[in-house]
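Trainee: Sequence below, structure please.
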Amino acid sequence: MADLVVRGGIVVPSAAAEPFVGSLVVEDGRIAAIRPGSEPIAADHVVDAAGCLVIPGLVQAHVHLCQTLLRGLADDMDVIEWLRLRVWPLEQAHDHQSLRASAMLAVAELLTGGTTAALTIESNLHTGAAFEAAEQLGIRATIGKALMDRYEPGTEMEVPDSDTAWADQMDLFETWHGAAGGRLRVALSPRGPRNATVDTWRRCVALADEADLRLHTHVNENRAQADLLGASPEGRDVEALASWGALSPRLVMAHAVWLSDHERELARRHGPHICHCPSTNLKLASGLAPVPGYLADGLNVAIGADGAPANNRLDGFEEMRLAALIHKPAAGPRAIPARTAFDMATMGGARALALEREIGSLEAGKRADLAVVRRDRLHTTPAGGADVFSELVYAHTSSDVDTVLVDGRVVVADGRLVSGDESAIRAEAETQQSALLQRGQ
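Mentor: Residues are numbered from 1 along each chain as shown. A predicted model of the protein is given here:
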């Protein structure tokens with residue numbers, strides 16, 4: 001008898017495969033089989049997916065769990081004001097309890113919206129609290145401490161001693177990498193190319209090579225900042241990363257809005273991943289990353305909601321929809337087709353996290369990370385003649401998610417979090433935001 005069966009839904013295995021009515025058999029956290037049709041299959045637990053879409057869990061490749069308590073506190077600013085006036089002071093004011101509350105709220109929002117895996121950058125302190133939240137609520141997470149041992153002119157963030165910052169990084173690695181049966185992993189995340197010393201970057205590259213870790217950083221998000229830093233002897237962000245040995249398929253570059261022609265050539269040569277964050281780039285007036293061009297260059301592109309103060313939501317469906325829409329005026333109606341956007345939100349993220357053999361598509365042998373999406377909504381009706389990928393990208397929202405599995409475990413049912421108490425998470429977030437604001441004054 002199977003552990004669990006998701007029965008009779010419209011299975012959407014990946015952007016590269018056609019949907020069909022079928023059932024997924026789950027055993028030991030993995031998809032044991034996918035059977036066409038909706039005939040009953042003996043199992044300890046059955047999820048009735050009749051009339052619903054069964055999709056791979058969304059994978060977001062750039063999120064800040066630590067910033068969720070800052071939602072609504074930094075609106076209508078460019079990224080420089082946003083950082084200097086709100087994000088730096090309030091992130092520095094976090095303690096372990098407030099960061100944990102922020103991460104709990106973020107993970108709850110991600111899971112209930114169908115995101116089952118995320119790559120995140122946290123603050124320079126209390127990153128263990130983010131791991132605790134991810135462990136408790138059941139998301140698959142690759143989490144990085146923001147390494148910031150170099151003062152960047154114009155910022156207000158305190159700069160810790162390099163050896164102290166690295167000791168904390170190693171403690172996180174030894175404590176959390178591979179925890180929760182491998183569901184939790186550590187990333188190496190200098191916040192930006194100029195937020196960490198060259199020695200720290202080289203330490204990161206060496207450890208990433210030795211332990212097979214992801215590198216994750218912000219790259220060329222704001223034009224003025226990109227040009228200012230590009231005038232330094234180290235050159236522009238991608239040029240600096242290449243000179244330090246960090247530009248490689250291990251690297252995930254968030255935003256990548258303002259790459260020069262030379263940086264584009266370096267990226268084509270070295271093959272980093274790019275995470276497109278359309279909501280944040282629009283809200284902070286940063287510009288639009290040339291994603292159709294990156295795809296034409298053969299680069300892997302994922303999506304991410306970034307952080308709540310810059311979005312203000314962590315909705316993977318919204319990011320997928322915007323990624324498909326915002327490039328059309330400049331590059332044409334087929335610049336990012338629906339299937340491509342769906343691939344970016346699933347396999348694109350899985351590739352960025354180096355988990356493409358484990359998640360990102362529904363295949364026998366892969367981890368059972370998936371979402372069941374309801375179609376009986378006014379905004380998705382009529383659905384009889386719709387292309388399923390167009391429906392998913394242009395019509396659906398995170399509120400349509402009914403059931404979510406991570407590692408074969410039901411973490412969301414009937415649209416509600418079952419791995420934690422939503423009311424308690426919201427109440428603690430309100431309490432901790434008040435305390436955070438008092439400390440951050």
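Trainee: CA atoms of stretch 76-87 as CSV?
Mentor: Extracted in CSV, the C-alpha atoms of stretch 76-87 (Å, rounded to 0.1, in the frame of the first residue of the first chain):
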residue,chain,number,x,y,z
ASP,A,76,7.7,54.3,-3.0
MET,A,77,11.4,54.5,-2.8
ASP,A,78,14.3,53.6,-5.0
VAL,A,79,16.6,50.9,-3.9
ILE,A,80,19.2,53.2,-2.4
GLU,A,81,16.7,55.1,-0.2
TRP,A,82,15.0,51.8,0.6
LEU,A,83,18.2,50.3,1.9
ARG,A,84,19.6,53.3,3.7
LEU,A,85,16.4,54.5,5.4
ARG,A,86,14.5,51.3,6.2
VAL,A,87,16.2,48.0,5.4
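Trainee: average pLDDT for it?
Mentor: Across stretch 76-87, the average pLDDT comes to 81.
Trainee: what comes up buried for that stretch?
Mentor: For stretch 76-87, a neighbour-count test (16 or more other Cβ atoms under 10 Å) marks 77, 79, 82, 83, 86, 87 as buried. Placement of C-beta: from N, CA and C, glycine included.
Trainee: which two in the residues you listed are spaced the farthest apart?
Mentor: 79 and 86 (11.0 Å; Cβ to Cβ).
Trainee: other SSEs contacting the helix or strand bottoming out on mean pLDDT in the chain?
Mentor: Lowest on mean pLDDT, DSSP states H and E among the helices and strands of the chain sits helix 79-81, with a mean of 79. On a contact count with 3 or more Cβ pairs under 8 Å, 6 or more residues apart in numbering; DSSP states H and E, helix 79-81 meets helix 223-230.
Trainee: For the strand or helix carrying residue 107, name the packing helices and strands.
Mentor: Using DSSP states H and E, residue 107 maps to helix 96-112. Applying 3+ Cβ pairs under 8 Å, 6+ apart, we find helix 96-112 packed against strand 58-63, helix 127-137, strand 401-406, strand 409-413, strand 416-417, helix 422-439.
Trainee: out of those, nearest to residue 256?
Mentor: strand 58-63 (10.4 Å).
Trainee: just the CA coordinates of the closest one, formatted as CSV?
Mentor: Extracted C-alpha coordinates of strand 58-63, given in CSV (Å, rounded to 0.1, in the frame of the first residue of the first chain):
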residue,chain,number,x,y,z
LEU,A,58,7.2,26.4,-7.5
VAL,A,59,10.8,27.1,-6.8
GLN,A,60,11.9,30.7,-6.0
ALA,A,61,15.6,31.5,-6.3
HIS,A,62,15.8,34.8,-4.5
VAL,A,63,13.9,35.5,-1.3
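Trainee: Determine the longest strand present in this structure.
Mentor: strand 2-11 (DSSP state E).
Trainee: Give me the contacts around it.
Mentor: 19-28, 32, 34, 37-38, 40-54, 362, 368, 370, 372, 388, 403, 405, 408, 410 (Cβ atoms under 8 Å, 6 or more residues apart in numbering).
Trainee: what angle do it and strand 401-406 make?
Mentor: 130 degrees (axes from the mean of the first three to the mean of the last three Cα atoms, to 10 degrees).
Trainee: what pairs with strand 2-11, and is each one parallel or antiparallel?
Mentor: Strand pairing for strand 2-11, determined by DSSP bridges: strand 20-27 (antiparallel), strand 43-48 (parallel), strand 53-56 (parallel).
Trainee: Just the angle for the longest one relative to strand 409-413, thanks.
Mentor: Pointing back at strand 20-27 there. 130 degrees.
Trainee: just to revisit the earlier point, now do the longest strand of the chain: distance to the chain's middle.
Mentor: Its chain's C-alpha centre and that of strand 2-11 lie 26 Å apart, by Cα atoms, centre = their mean, to the nearest Å.
Trainee: per-residue confidence averaged over that strand?
Mentor: For strand 2-11, the mean pLDDT works out to 98.
Trainee: Ok, stretch 275-294 next?
Mentor: Stretch 275-294 shows a mean pLDDT of 97 in the predicted model.
Trainee: Could you list the buried residues of that stretch?
Mentor: By neighbour count on 16+ other Cβ under 10 Å, the buried set for stretch 275-294 is 275-281, 283-284, 286-287, 289-292, 294.
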